[in-house]
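S.K.: fold the following for me, if possible:
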Amino acid sequence: MIFATLEHILTHLSFSIVSIVIAIHLMILSVHEIIGLRHSSEKGMLATFFSLTGLLVIRWISSRHFPLSNLYESLIFLSWSFSIIHMVSKLWNHKNNLSTITAPSAIFTQGFATSGLSSKMHQSAILVPALQSQWLMMHVSMMLLSYAALLCGSLLSVAFLVITFRKNIDIFFRSKNLLILIKSFFFGKIEYLNEKRSAFNNTSFLSFPNYYKYQLIQRLDYWSYRVISLGFTFLTIGILSGAVWANEAWGSYWNWDPKETWAFITWTIFAIYSHTRTNQSLHGTNSALVASIGFLIIWICYFGINLLGIGLHSYGSFT
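M.R.: As a prediction, the model looks like this:
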């Protein structure tokens, strides 16, 4: 009873804190720079991390096994992974804005786990024999940490594509406005110039090399590569440890189970991404497109099998 009460309190506490963090970030974006609010958001993410950590520890103690046996627990662990990625990135570089990705991701996953799943799926159950192994902690935790890192990095790549696309559109329209000015100047059509005066007001000759957008694009590209590289490492470790566990449990390292197949596809996509980063001509938009495809593949790998409830990895699925 005590464990259930503490779990209930920590669940709602962490959800409330991360909601406040998102509200603070929206205020920061609207007012640009508010140092006090920025520090408050960092403290909020730290409080969210400790709340989710306490929740997982309490569930571990009450169930007497590592809390990764069903979909609810994996979603809570995924939300915790988003918060720990935020903490690690801040230790790496305190000036990054990764919390604009990690905070909404944490609240989305935890909100779905708390409200989107039935109450029966929230309850801990005795592990089936195949899951009663020390490899459970190693394999599943590495896979979920890799999902969190790869999702964050992929979202940064999506943001990179959106900003780059908008920048190209701005350059196109500014170039068009510049042609209008040149045409009106050489042909001396005063009335034409008056009609297009708004084009002059919207044109800035110094805005072509938009330094702020350039810096933002460079930061997005830098952090997406760093976070995806971290996630790809976790994914590789998770797949290898899963192969060893599968050999112990089922007598075969690889069975081409649907979950295994999609994990291999996910690994292949991000291996291609890593290859594009080694080629200077494929940097930027090309690698960001690959990462954006990987974002969809991860969700298929993580949720697709659970929705269908098929294969050897259907433990704790929706069905």
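
S.K.: ok, Leu127 - contacts?
M.R.: With contact set as Cβ atoms under 8 Å, 6 or more residues apart in numbering, Leu127 has these partners: His65, Ser69, Leu136. Where you see a C-beta, it was placed from the backbone N, CA and C, and this is true even at glycine.

S.K.: and the host helix or strand of Thr100, what does it pack against?
M.R.: In this structure, Thr100 is located in helix 99-111 according to DSSP states H and E. Applying 3 or more Cβ pairs under 8 Å, 6 or more residues apart in numbering; DSSP states H and E, one finds that helix 99-111 makes contact with helix 2-31, helix 35-63, helix 71-92, helix 135-187.

S.K.: mind running it again at 10 Å?
M.R.: Helix 99-111 is packed against helix 2-31, helix 35-63, helix 71-92, helix 135-187, helix 211-250, with contacts defined by 3 or more Cβ pairs under 10 Å, 6 or more residues apart in numbering; DSSP states H and E.

S.K.: quick check: buried residues in that helix?
M.R.: Within helix 99-111, the residues that count as buried by 16 or more other Cβ atoms under 10 Å are Ser99, Thr100, Ile101, Thr102, Ala103, Pro104, Ser105, Ala106, Ile107, Phe108, Thr109, Gln110.

S.K.: how about stretch 251-271?
M.R.: Within stretch 251-271, the residues that qualify as buried are Asn255, Asp257, Pro258, Lys259, Glu260, Trp262, Ala263, Thr266, Trp267, Ile269, Phe270, counting by 16+ other Cβ under 10 Å.

S.K.: nearest to Arg226 among these?
M.R.: Nearest to Arg226 out of these is Phe270 (Cβ to Cβ; 13.4 Å).

S.K.: how close does the closest one get to His65?
M.R.: Distance from Phe270 to His65, counting by Cβ to Cβ, to the nearest Å: 30 Å.

S.K.: then Gly251?
M.R.: 23 Å.

S.K.: check Leu235 too.
M.R.: To His65, Leu235 is 24 Å away according to Cβ to Cβ.

S.K.: residue ranges with poor pLDDT in the stretch 151-300 of the chain?
M.R.: Applying pLDDT under 70 to the stretch 151-300 of the chain picks out residues 167-212.

S.K.: domain assignment for the protein?
M.R.: By the assignment in automatic domain parsing, the chain contains the domains 1-122, 131-319.

S.K.: wait, isn't Phe165 in contact with Thr285?
M.R.: Yes. The criterion here is Cβ atoms under 10 Å, and Phe165 meets it with Thr285 at 9.0 Å.
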